[in-house]
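Undergrad: what's the 3D shape of this:
(chains A and B)
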Amino acid sequence: MNTIDRASALELYRVMRTIRAFEERATQLFGENKIWGTIHSYAGEEAIAAGVCAHLRDDDWITSTHRGHGHCIAKGADLGKMFAELLGRETGDCRGRGGSMHIADTSKGNLGANGIVGGGIPIATGAALTAKQLGTDQVAVSFFGDGAVNQGTFHESLNLAAIWKLPAVYVCENNQYAESLPVKRAFAVEDISKRAEGYGIPGLHVDGRDVRAVHAAAAEAVARARAGKGPTFIVADSYRHEGHYYGDPRKYQAKDEIEGWRRLFDPIADARAWIVADSLGSAADLDEIDREVAADLDRSVAWADKGPLASPIKLPEDVYAG
Amino acid sequence: MRVSEGLTRPGAGGQSPPTGEMFYNEALGDALRLEMQRDERVIVIGEDIAEHGGAFQVTAGLLDKFGPTRIRQTPISEIGIVGAAVGAALTGLRPVVELMYVDFAGLAMDQIVNQAAQNRFMFGGQARVPMVLRTQGGSGRGNAAQHSKSLEAWFAHVAGLKLVMPSTPADAKGLLTAAIRDDNPVIFLEHKLLYRTKGQVPEGEHVVPLGKADVKRAGTDLTIVTWSREVLFTLDAAAKLAEEGISAEVVRADPRPGRS
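TA: Below you'll find the predicted structure:
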């Protein structure tokens, strides 16, 4: 039985609130032309990163996606270095070379966001192979969207992990759209988690709004992986509050859908309701966390903004090792 | 500056190690065996590499010596295999992938170009990707269009990769050893018509450094820089030129040495 005590509940809430607030701040910075390129907001999907990463140690690995800020935060990244990375500063996680779409923090086992849909799935599989080969109890988790499930890397990787019983967990964040394509037009199966049957591994289908449900499914999958019993495929249903990218005109969505679903699929509002109803914390406790998160973000952005811009002259330094 | 200035000459300046005659494919297998003995993080991953010994018999005998977890035979899943090697390399192993034909690289190209080659740069130097992708190319066996290409130009254009193309059995052993020890992704492109060529190969540990030109024949009138099987043709040509009184230097170089 996966029970969540007060400390864990408040920590899950803090992580989720941090992700949401980070995305709001990043969107604001982008609007001010301080962030170049593009950003993809994770708002609405916070319960998935928070619920899964709660079971991971610093030496466990994840691979992330273009919509990767939430995974990075949930895996313990420093917020100042993250903002510095988005702002293209030498003080960022990746010295400003990666930006939003390639942010990585290997010190926390984050093997990187990825600009290629499905690109991280085989990489997490390889990390799980390392754990198996060296006989450690480390686990590798790959986060990806519903779009990635239709890439060849998904098929090849889940099959390899299944035949080799690798300590991997594959987490599909079904946010209802592969860029602009609705999930119903991309799959002939109703329940994406059924694909697990084809690989001979467990498939779990959870409500990705509900951090308790994600937490419970991930507990089972991570324990199974750590015990050497092989991979699990989790599908967490969710809704992307923002467009595919900042500035997406969202012509493929009706306005009432966006407004209605944003309210219906709000994992943070749900978590608040659950925590208060179960007397794990009061509204005042949660408001206090909100204030602490906001203050932390203020400090982080201020620190990041002081960092020097990444130097074009130094760019070749990291192309080759040695 | 002449190309040959400052070049390394294997064996120069010291006692030459004992050698034995070997086929090119046996020399590659010898390098794999020695590096796997030396470092438990080295694994070989690919199709038909176990009981079958690889399509060109490079891994023959290694399954018995190292077992199925280090000679890790895979289903036919090129992007899965190459991507798993990238992830394994990022996290502490030193995988050697055998991609049966370079013509199949298209199936794995994203993991080669966008992941293996770019991870270190994109992550600001936080990561290393010490993997070798062994494959073979070239025509001349009547394998037709989808098994006969020479795709080295593709890889030569990708920053973050090193590209190595050995010409002799001694090169094959020494360069593969160096490639396995290198902390970067190395495309190790063999030639299908070289596997059954024979030559003297140093016994025991033999390292030919990457990124350094290798003078195969000294000469004073012109320098020809080449790689792979072309080195053999070029040496023949240089011998003919010598008959005409022209002294040609022949140098084997890596098409993309990388910066190190």
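Undergrad: from here on, just use CA atoms for contacts and neighbour counts.
TA: Noted.
Undergrad: next to chain A, which bits of the stretch 1-150 of chain B? Give me the list.
TA: The stretch 1-150 of chain B comes close to chain A at residues B:69, B:74-75, B:77, B:79-81, B:83-93, B:110-111, B:114-115, B:118, B:120-128, as judged by Cα under 8 Å from any Cα of the partner chain.
Undergrad: please enumerate the strands of the chain.
TA: Assuming you mean chain A. Along chain A, counting by DSSP state E, strands occupy A:61-63, A:140-145, A:168-174, A:177-178, A:181-182, A:203-207, A:232-237.
Undergrad: nope, chain B please
TA: Ranges of strands in chain B, per DSSP E, are B:19-23, B:42-46, B:71-73, B:94-99, B:132-137, B:162-164, B:186-191, B:198-202, B:214-217, B:222-226, B:248-252.
Undergrad: now the ones you listed as JSON lines including distance to residue A:172, mean pLDDT and mean neighbour count?
TA: Output for those, formatted as JSON lines (distance: least, Cα to Cα, whole Å; pLDDT from 0 to 100; neighbours: other Cα atoms under 10 Å in any protein chain shown):
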{"stretch": "strand B:19-23", "distance to residue A:172": "49", "mean pLDDT": "95", "mean neighbour count": "16"}
{"stretch": "strand B:42-46", "distance to residue A:172": "27", "mean pLDDT": "98", "mean neighbour count": "25"}
{"stretch": "strand B:71-73", "distance to residue A:172": "28", "mean pLDDT": "98", "mean neighbour count": "21"}
{"stretch": "strand B:94-99", "distance to residue A:172": "28", "mean pLDDT": "98", "mean neighbour count": "26"}
{"stretch": "strand B:132-137", "distance to residue A:172": "30", "mean pLDDT": "98", "mean neighbour count": "24"}
{"stretch": "strand B:162-164", "distance to residue A:172": "34", "mean pLDDT": "98", "mean neighbour count": "27"}
{"stretch": "strand B:186-191", "distance to residue A:172": "32", "mean pLDDT": "98", "mean neighbour count": "25"}
{"stretch": "strand B:198-202", "distance to residue A:172": "51", "mean pLDDT": "97", "mean neighbour count": "19"}
{"stretch": "strand B:214-217", "distance to residue A:172": "50", "mean pLDDT": "97", "mean neighbour count": "19"}
{"stretch": "strand B:222-226", "distance to residue A:172": "48", "mean pLDDT": "97", "mean neighbour count": "18"}
{"stretch": "strand B:248-252", "distance to residue A:172": "48", "mean pLDDT": "98", "mean neighbour count": "23"}
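Undergrad: redo those strands as JSON lines? Include distance to residue A:122.
TA: Converted to JSON lines, the strands of chain B look like this (distance: least, Cα to Cα, whole Å):
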{"stretch": "strand B:19-23", "distance to residue A:122": "35"}
{"stretch": "strand B:42-46", "distance to residue A:122": "14"}
{"stretch": "strand B:71-73", "distance to residue A:122": "16"}
{"stretch": "strand B:94-99", "distance to residue A:122": "14"}
{"stretch": "strand B:132-137", "distance to residue A:122": "16"}
{"stretch": "strand B:162-164", "distance to residue A:122": "22"}
{"stretch": "strand B:186-191", "distance to residue A:122": "19"}
{"stretch": "strand B:198-202", "distance to residue A:122": "37"}
{"stretch": "strand B:214-217", "distance to residue A:122": "37"}
{"stretch": "strand B:222-226", "distance to residue A:122": "35"}
{"stretch": "strand B:248-252", "distance to residue A:122": "35"}
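Undergrad: hmm, residue A:112 is touching residue A:61, no?
TA: No. Here residue A:112 lies out of contact with residue A:61, judged by Cα atoms under 8 Å, at a distance of 9.8 Å.
Undergrad: show the residue spans covered by the helices in the stretch 151-300 of chain A.
TA: Listed in chain order, the helices of the stretch 151-300 of chain A (DSSP state H, counting those that start in this stretch) span A:152-163, A:211-226, A:255-264, A:267-277, A:283-305.
Undergrad: lowest-confidence stretch among the ones you listed?
TA: Per-stretch mean pLDDT for those is lowest at helix A:255-264 (a mean of 87).
Undergrad: and that one, what's buried?
TA: Along helix A:255-264, these residues count as buried under the neighbour rule (16 or more other Cα atoms under 10 Å in any protein chain shown): A:258, A:261-262.
Undergrad: likewise for stretch A:95-112?
TA: For stretch A:95-112, a neighbour-count test (16+ other Cα under 10 Å) marks A:95-106, A:108-112 as buried.
Undergrad: near chain B, from the residues you listed?
TA: Checking these against chain B (Cα under 8 Å from any Cα), the matches are A:95-98, A:102-106, A:111-112.
Undergrad: tell me which of these is nearest to residue A:144?
TA: Using Cα to Cα, residue A:112 comes nearest to residue A:144 of those, at 12.0 Å.
Undergrad: tell me who's in contact with that closest one.
TA: The contact partners of residue A:112, by Cα atoms under 8 Å, 6 or more residues apart in numbering or on different chains, come to A:62-65, A:102-106, A:120, B:123.
Undergrad: between the residues you listed, which is nearest residue B:219?
TA: Closest to residue B:219 out of the contacts of residue A:112 is residue B:123 (44.6 Å), distances taken as Cα to Cα.
Undergrad: surely that closest one meets residue A:90?
TA: No. If you go by Cα under 8 Å, residue B:123 and residue A:90 don't touch, sitting 11.7 Å apart.
Undergrad: the more surrounded of the two?
TA: residue B:123 (28 against 21; other Cα atoms under 10 Å in any protein chain shown).
Undergrad: tell me the contacts of that one?
TA: Neighbouring residues of residue B:123 by Cα under 8 Å, 6+ apart: A:93-95, A:97-98, A:102-105, A:112.
Undergrad: next one: residue B:47
TA: Shown here is residue B:47, whose contacts under the criterion Cα under 8 Å, 6+ apart are B:54, B:73-76, B:98-100.
Undergrad: residue A:27: neighbour count?
TA: Residues contacting residue A:27 under the criterion other Cα under 10 Å number 18.
Undergrad: same check, this time on the one 3 residues further on
TA: Taking other Cα under 10 Å as the criterion, the count of residues near residue A:30 is 19.
Undergrad: quick one, helices of the stretch 1-150 of chain A?
TA: Going by DSSP H, counting those that start in this stretch, the stretch 1-150 of chain A shows helices at A:6-31, A:46-53, A:69-74, A:79-86, A:120-134.
Undergrad: how about those helices, which one is nearest residue B:230?
TA: helix A:120-134 (35.8 Å).
Undergrad: mind listing what's buried in the closest one?
TA: Using 16+ other Cα under 10 Å as the test for burial, helix A:120-134 gives A:120-133.
Undergrad: now do it: which elements does it pack against?
TA: When contacts are defined as 3 or more Cα pairs under 8 Å, 6 or more residues apart in numbering or on different chains; DSSP states H and E, helix A:120-134 sits against strand A:61-63, strand A:140-145, helix A:152-163, strand A:168-174, helix B:78-90.
Undergrad: would you turn the ones you listed into CSV with mean neighbour count and distance to residue B:148?
TA: Formatted as CSV, those follow (neighbours: other Cα atoms under 10 Å in any protein chain shown; distance: least, Cα to Cα, whole Å):
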stretch, mean neighbour count, distance to residue B:148
strand A:61-63, 31, 36
strand A:140-145, 28, 36
helix A:152-163, 22, 25
strand A:168-174, 27, 37
helix B:78-90, 30, 18
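Undergrad: out of these, which comes closest to residue B:44?
TA: Of all the helices and strands packed on helix A:120-134, helix B:78-90 comes closest under Cα to Cα, at 9.4 Å.
Undergrad: confirm for me that residue A:113 is in contact with residue A:62.
TA: No. Between residue A:113 and residue A:62 there is no contact under Cα under 8 Å: 9.3 Å.
Undergrad: so how many other residues sit close to the nearest residue to residue B:146 once chain neighbours are set aside?
TA: If the residues on either side of it in the chain are set aside, residue B:146 comes closest to residue B:103, at 6.1 Å by Cα to Cα, 6 or more residues apart in numbering or on different chains. Other residues lying near residue B:103 total 19 when counted by other Cα under 10 Å.
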